[in-house]
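Enquirer: Following is a predicted model, sequence given first.
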Protein chains: 2
Amino acid sequence: MHRTHTCGELSIADLGKSVTLSGWVQKSRDLGGMTFVDVRDRYGITQLTFNAEDDAQLRSQATSLGREFVIKVQGTVIERSSKNLKIPTGEIEIKVSSLEILNAAKLPPFLIEDETDGGDDIRMKYRYLDLRRNPVRENLILRHKVGQEIRKYMDAQNFLEVETPVLIKSTPEGARDFVVPSRMNPGEFYALPQSPQTFKQLLMVSGFDRYFQIVKCFRDEDLRADRQPEFTQVDCEMAFVEQEDILNMFEGLAKHIFKTIKDIDLGTVPRMTYADAMRLYGSDKPDTRFDMQFVELNELTKGKGFPVFDAAELVVGINVSGCAHYTRKQLDALTDYIKRPQIGATGMVYARYNEDSTIKSSVDKFYSPEDLTAIAQAFDAKPGDLLLLLSGNTDKVRKQLNELRLEVANQLGLRDKNKFSPLWVIDFPLLEWDEDGERFHAMHHPFTSPKPEDIALLDSKPGEVRANAYDLVINGTEIGGGSIRIHDRDLQSLMFKHLGFTPEQAEAQFGFLMEAFTYGAPPHGGLAFGFDRLVSILAGLDTIRDVIAFPKNNSGRDVMIDAPSTIDQVQLDELSLDVRLRTK
Amino acid sequence: MHRTHTCGELSIADLGKSVTLSGWVQKSRDLGGMTFVDVRDRYGITQLTFNAEDDAQLRSQATSLGREFVIKVQGTVIERSSKNLKIPTGEIEIKVSSLEILNAAKLPPFLIEDETDGGDDIRMKYRYLDLRRNPVRENLILRHKVGQEIRKYMDAQNFLEVETPVLIKSTPEGARDFVVPSRMNPGEFYALPQSPQTFKQLLMVSGFDRYFQIVKCFRDEDLRADRQPEFTQVDCEMAFVEQEDILNMFEGLAKHIFKTIKDIDLGTVPRMTYADAMRLYGSDKPDTRFDMQFVELNELTKGKGFPVFDAAELVVGINVSGCAHYTRKQLDALTDYIKRPQIGATGMVYARYNEDSTIKSSVDKFYSPEDLTAIAQAFDAKPGDLLLLLSGNTDKVRKQLNELRLEVANQLGLRDKNKFSPLWVIDFPLLEWDEDGERFHAMHHPFTSPKPEDIALLDSKPGEVRANAYDLVINGTEIGGGSIRIHDRDLQSLMFKHLGFTPEQAEAQFGFLMEAFTYGAPPHGGLAFGFDRLVSILAGLDTIRDVIAFPKNNSGRDVMIDAPSTIDQVQLDELSLDVRLRTK
C-alpha cells in the first residue's frame, strides 16, 4: 500500500498512529542531528523527521533527497515542538521509520512554489510541473467544483445532458471553422463545432425540452491574449419558454454557483436594455461594480463658442467622485491613455469642482461659471468631484469614454475582484452593419428571433430591429449570452435573405434545420455560458489560460507536446491531400 | 406562459384545476360530438377533450389538428369516464377552453410511436423525429442519468474532472488519427485524441492523483456495424496505487451505477486471468451469464485412430446441458454456423448423452462406449446432455468454440438482457505478435507496465511477459480496460525499443512524457470505460448507435446534416492544402 493517509489530513487527533505517506519532497533542511523533510501531495504538506541518534543510516538517506523526489515513508505521528499553525498539519510531524524513493527527480527548471521564478514560456513547456503549484492546481479544482455544481443544478431542474457531435459540417457563417479531412469520403471535410447551436435546436424539435451540455467548442481565429482555439461552453436550451423563463432559470444557475462555490448571495440580477447600456456605459458589457454612469451634455455645451463641442455629435462625460485633487500630470496621463491608437480619442476636457465650490475647467475660456455649474448639476456633482468630458461621433466617443471610465476605476481600485456585480443586458439589436462586407450580420447568430413587434421593421429599418437576445454580464465581462430562436421556416428563410444568403445557399447549409421546423417545432430559446470565463471570474483571474489544464499559446501551439506538427505522406495520401505552402 | 404543467404529471389529485399544457399532437379521434386529442411531451401524454355542445368552433378547430402539430391548450382537469390505468395521467382528461396552434406540422415520414414503420435510413435522415419516439428518448435519458451517477461517485471519491485538449499531436502508434490542419502553422496538423492517455499520465506527474473525465475520443477506422468515429470514454487515472486499488475503486463505480440506475446489486466481481479466460471460454471477454466452460480433451481423444483429433493441437468441447434431444438438422445448422468464413471451423463432433445413459456420437467409429463415457465424465455430463467438440490449432479452435458457445446460448435463451454478469479479466499479455508487421505490438498500449516479476523475460520471451492490465467485462462485452503504467524513463525507453521504435522516433513522439518521468513521476495506473457501450448494456441494446443522439452511419456520414462535405477553395488556401484524389 502506498499510503494510509494523504499529506493534508493528519492532525493532533492522530498522535501515536502508524501511518504511511507518499508524495513529493517540497524541501528539506538539516538541524543538529536531525533532518526535516516536507512531503507534499494534492492535499497538503506534512513534516517528516529523521534523527541520526535513532537511525543514522535512515537519516543519511533522507539527506540525499532532492526537491521533487517521489517518496514513500512509514512512521509515527508525533507532536511538533515548534508548531506551524498556518497549515492544517502544522501541529504534528512524522517520526519516520522507513523511507523508500519511488522515483528520483531532476531539479525542476523553476521553483514549485506559490510564487515561482519561472517565466511564461518555460512554464508552458513544463506545464505538468507548473500544475504542481498550489495556485494553478486550485484553479483546476475550482473548475471541477463549478462543473459539478452546474450539473447538479441542471439535473435538479430536469435538464438532460445530451452529447452532440464533434464531427459536423462546415458553414461559412460565423467565425472560421477548424476542419477535419474525411478519409472515407475523399475530398470532403468535417468541421469542428463553434457551438452545438443547430443540434440543440433539433433536440428542441425532438421534444427534449430542457437540454444542456458542458462541451468543447472550436474557433480558428487569430488568437488574442485571452482566446483559445478550443474552449468550453455550458450550452443550454429550453422549449415552451419565453425570454422571462430563460432569464429566471439561468439567473438561478448563476446564484446557485456563487452561493455554493463562493458563499455569496448574488441577489436579483438587474436588467438593462442594450440601448441603455450603450448610453450609460458605452458598452454592452458594463462593469457595474461601480457607478460613474455617462451623462450626455450636448444641450448644456452647445452654442457657447467651443467649436469642438459644437461640432460633436455627442458630448458626454463621467463624474469621478472625490478626485478634484487630481494633478495636471495625472490628468495628462489620462489624456495620453485615451489618445493611444487602440482607443483613438483626440482630447479630453476636465472640470474640477473644488472644495470651495468654484469650478475650474480646461474650457473656462468658453464656459461661464454658471455654465459650468449647470454642467456639474447634470452630474449631481459635489465639491471635490472631477468631471471628465469627451466629444465626437456617438459610437466612437462612447467606446472611448468606456475605456476612460474603466481606466479611472482601475486607478481608484474600484474593480475589486472579490466583489461581483451581475447584470442582464437585454433587447440586443438583431442585426449589425458590417462596413467591410457592406451587409448586415446577425449580431448573435442567424437563428435569433426578432422581437415580434419589430418584425415589420425588417425591410424598412433592419438596423433598428431588436431581438429577444440577452447577455449575462458580471464585472464587465460577458459570461453568457443567448436568445429566443426562430422556430418557423418562413421567418428563418427571411432572416437568411436579410443576411445575404441566396435561397440555394440557405438550403445547402441549413436546409436540415429549416425542414425540421416544418415537422412541428416548439417555441424555444437558450443560452451558453463561457465556462472558462466563468471559472476565471470566480477565481479572480484576468485570463482564461490559467483555468485550462493544457492551454495553447498565442500561435495556437501546445509547446509541451509540440503540436501541431507535420504528418507523413502516407497520412496525406490516405486523406487525398497535398500540402502546398502559399506565399503570402 | 406556455405551460403550467407537463403532459406527464396531472392526476386525479388535480381535479378541477385550471391548467395550461403544451406539446405535440400524438393522435386524435372523433366520437359522437366529442373530439379526443392526445397531447405528448417528454414527460408523458394527456388526453384533451373538445365537446361540440360546449363550443362548436373550438371543437372544429380541434378536428383540424394533424399528427405532430405543436399546440398549447388551457382547460380544466376532469375525471375520465373511461380510464386508462396503464399511464400515469390515465384517470384524468382536460376539458379544453382554448386552443392555440404554436406550429403546424407536415405528416412525418414515419410513425412517431414505440414501434415505428420507418427503416434505418429514413430514421437516420430524420433523426430529430426518431428522437421523439419513447424508446429512443429513454435511451438518452438513461445516458444522462448514468453520466450524473458516474460524476457523483467520482466526486465523492475525490476524483477531479479535468478537461484535456482535443487538438493534440498525431502519433503513428495505435489506430489511425483524425487530423486537423493548422492555419496558423501552415503545413502542420493537430490530431484528435484517440484517448487522453498521455495527458492523464502527465496529470499524475502533476500530482493530481485522482483524475477522471467523460470525454469524446476519435478513431479514423473503417467502421464496423457497431463502431463510431467519435465515441465517449469515462477516462480515469490514479496515482500512488497498485492494481488492487484500481480494481476495487472501479468495481465500486460499477456497483454504484447498477445500484442507482437499475437497482441491481452487482455483488463482488469475480476475477479471472487472461490465460484462464482463453482456456475456459476461448475469449478475453467471456459471457459468464451462463456456464458452459470449455473442457480440453487431448488426453482422452488421442491415439484412438481418429486422425483429425490426433493431428489437432487442441481438442476442446462444451457441454450443452439438457440438449441431447437436438435433431440432426439442428446439429447440422450449428455445423454450418461455425463453418461460415468469418468463423472458419472445418467441422464439429457431437456426442449425445442419452437419457438411457448410452452415448451416441458422430465419431463412434473411433471411440468405444468406455472412451465416450470418459469424455462425458470430463464434462461432468449427465444423461440428456449434448457434447460439442472442435479441434485444430489452439488459438483458432478456441475462437471457433467461443462462437459456437455463444450461438448455442443464444438459441437456448441463456443471454438474458436483464441479467448482468461482470468479470475482471486480469494479467493480460504485455505484447502481442503482429503477423503482418512482423513485430510485437502493445496489447493495451505502449505505456502499460510489465509485471515486475516478468521484466526479465522481455528479451528472451517477450510474448510471455504479463502486464498489470485488466478489463472489466459484463455479459461478454468489454466495458472498460486499463493498466498500471510505466513511470520510469528507462523502462519506457525499453518498451519503445521492444515495440520497434528507434530512440529518435520515441523521442520525437513521446519525448515530453519520458522527460516528465524524470521530474518525479509517481506510480500510477487507471482505466477507461466505454461510455456508449456501458449505457447500451444498461439499456439492453445490441448497438451503441441507439444511445448516441446523432450517430454517423457506416460510411462515417451524418446523413441528417449531410457531413462531411466539400469546403471552398478559400478555406483550402488558408490551410495551405490541395485536394488531390488518388486512384486506388
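Expert: Yes, it's here.
Enquirer: Only C-alpha atoms from now on, for both contacts and neighbour counts.
Expert: Fine.
Enquirer: Regarding A:Y211, what is its secondary structure?
Expert: State at A:Y211, reduced to three classes by DSSP: H, G, I helix; E, B strand; the rest coil: strand.
Enquirer: what's the weakest-modelled helix or strand in chain A?
Expert: Among the helical and strand segments of chain A, the one scoring lowest on mean pLDDT, DSSP states H and E is strand A:439-442, with a mean of 86.
Enquirer: packing partners for that one?
Expert: Under the contact criterion of 3 or more CA pairs under 8 Å, 6 or more residues apart in numbering or on different chains; DSSP states H and E, the helices and strands touching strand A:439-442 comprise strand A:431-434.
Enquirer: Parallel or antiparallel, which strands does the strand it packs on pair with?
Expert: Strands adjacent to strand A:431-434 in the sheet, as given by DSSP bridges, are strand A:439-442 (antiparallel).
Enquirer: neighbouring contacts of the strand it pairs with?
Expert: The contact list for strand A:439-442 (CA atoms under 8 Å, 6 or more residues apart in numbering or on different chains) reads A:L430, A:L431, A:E432, A:W433, A:D434, A:H498, A:L499, A:G500.
Enquirer: Please tell me the pLDDT value assigned to A:M272.
Expert: Note on A:M272: pLDDT of 98.
Enquirer: if we can go back for a sec, and the least confident helix or strand of chain A, how far from the chain's centre?
Expert: In terms of CA atoms, centre = their mean, to the nearest Å, the gap separating the centre of strand A:439-442 from the centre of its chain is 26 Å.
Enquirer: Please apply the same query to stretch A:172-184.
Expert: 25 Å.
Enquirer: contacts for that stretch?
Expert: A:167, A:170-171, A:187-194, A:218-221, A:445, A:574-576, B:178-182, B:220, B:222, B:555-556, B:564.
Enquirer: what kind of secondary structure is the nearest residue to A:L388 once chain neighbours are set aside in?
Expert: Distance criterion CA to CA, 6 or more residues apart in numbering or on different chains; nearest residue to A:L388, sequence neighbours excluded, is A:Y350 at 4.6 Å. Secondary structure for A:Y350, judged by three-state DSSP, is strand.
Enquirer: Can you pull the residues of the stretch 201-350 of chain A lying near chain B?
Expert: For the stretch 201-350 of chain A, the residues found near chain B under the criterion CA under 8 Å from any CA of the partner chain are A:202-203, A:205-209, A:220, A:222, A:230, A:240-242.
Enquirer: and with 7 Å instead?
Expert: The stretch 201-350 of chain A comes close to chain B at residues A:L202, A:L203, A:V205, A:S206, A:G207, A:F208, A:F240, A:V241, as judged by CA under 7 Å from any CA of the partner chain.
Enquirer: For the nearest residue to A:G187 once chain neighbours are set aside, give me phi and psi.
Expert: Nearest non-adjacent residue to A:G187, counting by CA to CA, 6+ apart: B:V579, 5.9 Å away. Geometry field for B:V579 lists phi and psi as phi -90, psi 130, criterion degrees, to the nearest 10.
Enquirer: so A:S391 sits right up against A:G317, yeah?
Expert: No. With contact defined as CA atoms under 7 Å, A:S391 and A:G317 do not form a contacting pair (8.5 Å).
Enquirer: what about A:H487, helix or strand, and which?
Expert: In this structure, A:H487 sits in neither a helix nor a strand according to DSSP states H and E.
Enquirer: for it, what are its contacts?
Expert: A:F517, A:A521, A:P522, A:P523 (CA atoms under 7 Å, 6 or more residues apart in numbering or on different chains).
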